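A.B. asks: Everything below, folded, please.
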Amino acid sequence: MKILVVDDNQLGRQMLAHALRSYGELRLASSGEEAIESFKQAWAEEAPFDVIFMDIMMPGVDGQEALRQLRTWEAEHQAQPQVKVVMSTVLADKENIQTSFKAGAEYYLVKPFELKRLAEVMANLGFPKPA
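C.D. replies: This next block holds a predicted model:
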């Protein structure tokens, strides 16, 4: 399994990567632009990501816009299966949650979250915790 963790906060990236490392191969990105580039590169290498954890508040291309661009690219290229996207952010307001789901996110995790909740989300996405 390939996982992309996108967060402009280094500590946030490292903590999430640490929690997800047992699930598979990890790549880290510090911006929306870097996430889009990594996503396209993975498809070019015929090894797309299975799941992306995307922060919302980032300078430049934020997580919401990055998600829209990823979904647009998938539609234009008829990419199947679509990558599963989990928005992982401190923003718990209704508007950001609705915007994320409308743009194509599968889950929305408000930071800080418990490792148990992260494991539940992964299992619900079809990625049970490895033994």
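
A.B. asks: And the helices in this protein, which stretches?
C.D. replies: 10-20, 32-44, 63-76, 94-103, 115-124 (DSSP state H).

A.B. asks: nearest to Ile56, of these?
C.D. replies: Closest to Ile56 of the helices of the chain, according to Cβ to Cβ: helix 63-76, at 3.9 Å. From N, CA and C alone the C-beta is placed, and that goes for glycine too.

A.B. asks: what packs against that closest one?
C.D. replies: helix 32-44, strand 51-54, strand 84-89, helix 94-103 (3 or more Cβ pairs under 8 Å, 6 or more residues apart in numbering; DSSP states H and E).

A.B. asks: just to revisit the earlier point, reformat the helices of the chain into JSON lines and put mean neighbour count and mean pLDDT next to each item.
C.D. replies: JSON lines is the format used below for these (neighbours: other Cβ atoms under 10 Å; pLDDT from 0 to 100):
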{"stretch": "helix 10-20", "mean neighbour count": "16", "mean pLDDT": "94"}
{"stretch": "helix 32-44", "mean neighbour count": "18", "mean pLDDT": "97"}
{"stretch": "helix 63-76", "mean neighbour count": "18", "mean pLDDT": "97"}
{"stretch": "helix 94-103", "mean neighbour count": "14", "mean pLDDT": "93"}
{"stretch": "helix 115-124", "mean neighbour count": "15", "mean pLDDT": "94"}
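
A.B. asks: Turn the helices and strands packed on helix 63-76 into a markdown table, including distance to Leu115.
C.D. replies: Below are the helices and strands packed on helix 63-76 laid out as a markdown table (distance: least, Cβ to Cβ, whole Å):
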| stretch | distance to Leu115 |
| --- | --- |
| helix 32-44 | 23 |
| strand 51-54 | 14 |
| strand 84-89 | 13 |
| helix 94-103 | 22 |
